[in-house]
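> Fold the following.
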Amino acid sequence: MSKRIHFIAIGGAAMHNLALALHQKGFNVSGSDDEINEPSKTRLANAGILPPQIGWFPEKITKELDGVILGMHARADNPELLKAQEIGMPVYSYPEYLYEHSKDKTRVVIGGSHGKTTITAMILHVLKTLGRDFDYMVGAKLEGFDTMVRLSNAPLIILEGDEYLSSPVDRRPKFHLYHAEIALISGIAWDHINVFPTYDMYVEQFRIFANQIPATGKLIYCQNDAEVKLVAESDSVKAKRIPYSIPENEIVNGITYLHTKEGKVALAVFGEHNLQNLEGARNVCEQIGVDASTFYKAISTFTGAARRLELLGRNESVAVYKDFAHSPSKLKATTIAVRSQFPDRKLIACMELHTFSSLNEDFLAQYAGSMDDADEKIVYFNPHTIAHKKLKEITPEMVKKAFSNEDIKVYTDSAILQKDLLAHTKGKRVFLMMSSGTFDGMSLENLTSTLIESNQGVHL
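Residues are numbered from 1 along each chain as shown. Alright, predicted model coming up:
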């Protein structure tokens, strides 16, 4: 393996974690970027590998390097990339490099439009609880894990399989490059309209992923998702197929219990989507030597991945959750999960249109009915974000029409949104804040503290 590695766009969430992992492994790591924000900046600085200057410096690319890793944030005409290509330097995309490291390991790849981070996190939690030796890459910061990537001499690697592009010069989806031996597909719902402009083009990426698995491999798939079922059960799939669905469960006093052969198992997570994810994780764990009884004991202490139905705070009157949900299917599943868990509370669901797809006029109609299970429905977007992404302007009226609900409140100023959220002071309430962004810098932690302080009560 290469020992001197340079990162082009080292500041990205995934890239800086891989840089830290290689640094911990003893590699000589350098990097560049034209923008490095927190927490990447501090984490790179603490490791001693923060670039001394912001910008691109072709002179850093010399034949003394063993390779370059190219991040999605860079462009195809990046001066450091052009220099690397000029001198014949090996250039890897992020997934290519992970595959080079893991091609002699058992590779487990978790794919799907939604749920893949949570399923990966569940598997990692179980393996860590059991003391297993494994490598991994996951798309969120997890409790008990220092980085989002680990590279070692372990015989097993668990990879979250993203369907987005591998690099600015490699248009293949990331999960195609991992060559899964054990794979899971959790769900298929159109996303990344900027890359896959039609639904069929998007689904085709999952067909390719499934068809890549060798005949000796396993494909674990959610049979509740009609599109996944079509992909997994196609004659072109060579691997052994293992379907899963929602396990038997019940909710008692706000706690979800699984019904198992060993009896009831209390969980720290909830919602049909999470239960479905859990069953997928159980099937993966079974394929790598973890029996059901051991799995249930370990998963009972799993509290979730960061920003995946993450509880920010609650008392007897108020509960506040944040979730990464931004696509229509995620929005609907998360809203239903919270509605089911708190049937007697007023549910205030607030989402931010932030991604390229969600702010695209042609995609907006996909959100029809996605928040209907909430008592109060709020959508926020920043017109400046739309202008920055060079998209056609959208209006509050267009958003209401797209969501097919005239009761939706639409905000374009996060300060006014926060003020109105804090005005909710009557009755028992659950706030569900959903975004892949930050509501333009709104501190959800401060929002939660203020809501709880103004509604003091006995903590549940």
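
> Show me the helices in the stretch 1-150 of the chain, by range?
13-24, 40-47, 79-86, 94-102, 116-129 (DSSP state H, counting those that start in this stretch).

> what residue ranges in the protein score low on pLDDT?
1-2, 306-307, 456-460 (pLDDT under 70).

> Which residue ranges make up each domain of it?
Per the record, the chain has its domains at 4-89, 97-299, 310-453, by automatic domain parsing.

> Could you check how far the second one is from the centre of its chain?
For domain 97-299, the distance between its averaged C-alpha position and the chain's averaged C-alpha position is 12 Å (Cα atoms, centre = their mean, to the nearest Å).

> how long is it from one end to the other?
Domain 97-299 has an end-to-end distance of 31 Å (Cα to Cα, to the nearest Å).

> cool, and the last one?
For domain 310-453, the first-to-last residue distance is 19 Å (Cα to Cα).

> what secondary structure does S293 sit in?
helix (DSSP: H, G, I helix; E, B strand; the rest coil).

> give me the number of residues near the residue lying closest to it once chain neighbours are set aside?
Computed as Cβ to Cβ, 6 or more residues apart in numbering, the closest residue to S293 that is not its neighbour in sequence is E262, at 5.5 Å. Where C-beta positions appear, they are placed from N, C-alpha and C, glycine not excepted. Residue crowding around E262 was assessed by other Cβ atoms under 10 Å; the count is 11.

> does E262 really touch T294, like I thought?
No: at 10.3 Å, E262 does not count as touching T294 under the criterion of Cβ atoms under 8 Å.

> Secondary structure element holding I386?
I386 is part of helix 383-388, with elements assigned from DSSP states H and E.

> Give me the contacts around that helix.
With contact meaning Cβ atoms under 8 Å, 6 or more residues apart in numbering, helix 383-388 is reached by H354, L359, K392, E393, I394, T412, G437.

> of those, closest to F7?
Ranked by distance to F7 (Cβ to Cβ), these are led by G437 at 24.4 Å.

> three-state assignment of the closest one?
coil.

> which residues does the residue nearest to it when sequence neighbours are not counted contact?
Excluding its sequence neighbours, the residue lying closest to G437 (Cβ to Cβ, 6+ apart) is H354, at 3.6 Å. Going by Cβ under 8 Å, 6+ apart, H354 touches H326, F381, T385, S435, S436, G437.

> The residues you listed into JSON lines, with extra columns for neighbour count and distance to K240?
Formatted as JSON lines, the contacts of H354 follow (neighbours: other Cβ atoms under 10 Å; distance: Cβ to Cβ, whole Å):
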{"residue": "H326", "neighbour count": "20", "distance to K240": "34"}
{"residue": "F381", "neighbour count": "23", "distance to K240": "45"}
{"residue": "T385", "neighbour count": "17", "distance to K240": "45"}
{"residue": "S435", "neighbour count": "23", "distance to K240": "38"}
{"residue": "S436", "neighbour count": "16", "distance to K240": "34"}
{"residue": "G437", "neighbour count": "18", "distance to K240": "40"}
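
> From what I see, L447 and Y321 are in contact.
No: contact criterion Cβ under 8 Å: L447 and Y321 do not qualify, at 11.8 Å.

> The two: which has the busier surroundings?
The residue with more neighbours, out of L447 and Y321, is Y321; 26 against 21, by other Cβ under 10 Å.

> Now that one: closest residue in space, sequence neighbours ignored.
L432 (5.2 Å).

> any idea how far that neighbour lies from L81?
41 Å (Cβ to Cβ, to the nearest Å).

> Show residues contacting the one helix or strand the residue nearest to Y321 maps to.
Assigned by DSSP H and E, L432 falls within strand 429-434. Strand 429-434 has contacts (Cβ under 8 Å, 6+ apart) with 317-326, 330-331, 334-335, 338, 342, 345-352, 374, 421, 424, 439, 444, 447-448, 451.

> Looking at the residues you listed, which are in strands?
318-323, 346-352 (DSSP state E).

> Distance check, T438 against P383.
For T438 relative to P383 (Cβ to Cβ), the value is 16 Å.

> Make sure E160 is actually in contact with T117.
Yes: the criterion here is Cβ under 8 Å, and E160 meets it with T117 at 6.0 Å.

> shared neighbours of these two, anything?
Common neighbours of E160 and T117 (Cβ under 8 Å, 6+ apart) are V138, G139.

> SS state for the nearest residue to G369 once chain neighbours are set aside?
Distances taken as Cβ to Cβ, 6+ apart put S404 closest to G369, at 5.5 Å, once the chain neighbours are dropped. Look at S404: counting by three-state DSSP, its state is coil.

> Just give the number of residues close to S404.
Around S404 there are 13 residues (other Cβ under 10 Å).

> and what of P343?
By the criterion of other Cβ under 10 Å, P343 has 9 neighbours.

> and what of V109?
Using other Cβ under 10 Å: V109 sits among 28 other residues.

> Next up, the contacts around it.
Counting by Cβ under 8 Å, 6+ apart, V109 has contacts L159, E160, G161, F175, Y178, A180, I182, A183, L184, F209.

> distance of the closest residue to the third one other than its chain neighbours from H114?
In this structure, G161 finds its nearest non-sequential neighbour in F175, 3.2 Å apart by Cβ to Cβ, 6+ apart. Here the distance between F175 and H114 works out to 14 Å (Cβ to Cβ).

> next one: D291
28 Å.

> Which one's more surrounded, the two?
Between D291 and H114, counted using other Cβ under 10 Å, the more crowded position is H114 (26 against 10).

> From R4, how far out is the more buried one?
H114 sits 38 Å away from R4, going by Cβ to Cβ.

> got it, and L165?
For L165 relative to R4 (Cβ to Cβ), the value is 26 Å.

> need the contact list for the residue nearest in space to the middle of the chain.
Note on the chain: the residue nearest the mean C-alpha position is T117, at 4.6 Å, using Cα atoms, centre = their mean. Neighbouring residues of T117 by Cβ under 8 Å, 6+ apart: V138, G139, A140, E160, A305, R308, F324.

> wait, I158 sits on I123?
Yes: the pair I158 / I123 is scored as a contact, 5.5 Å apart, by Cβ under 8 Å.

> Nice, that's everything, thank you.
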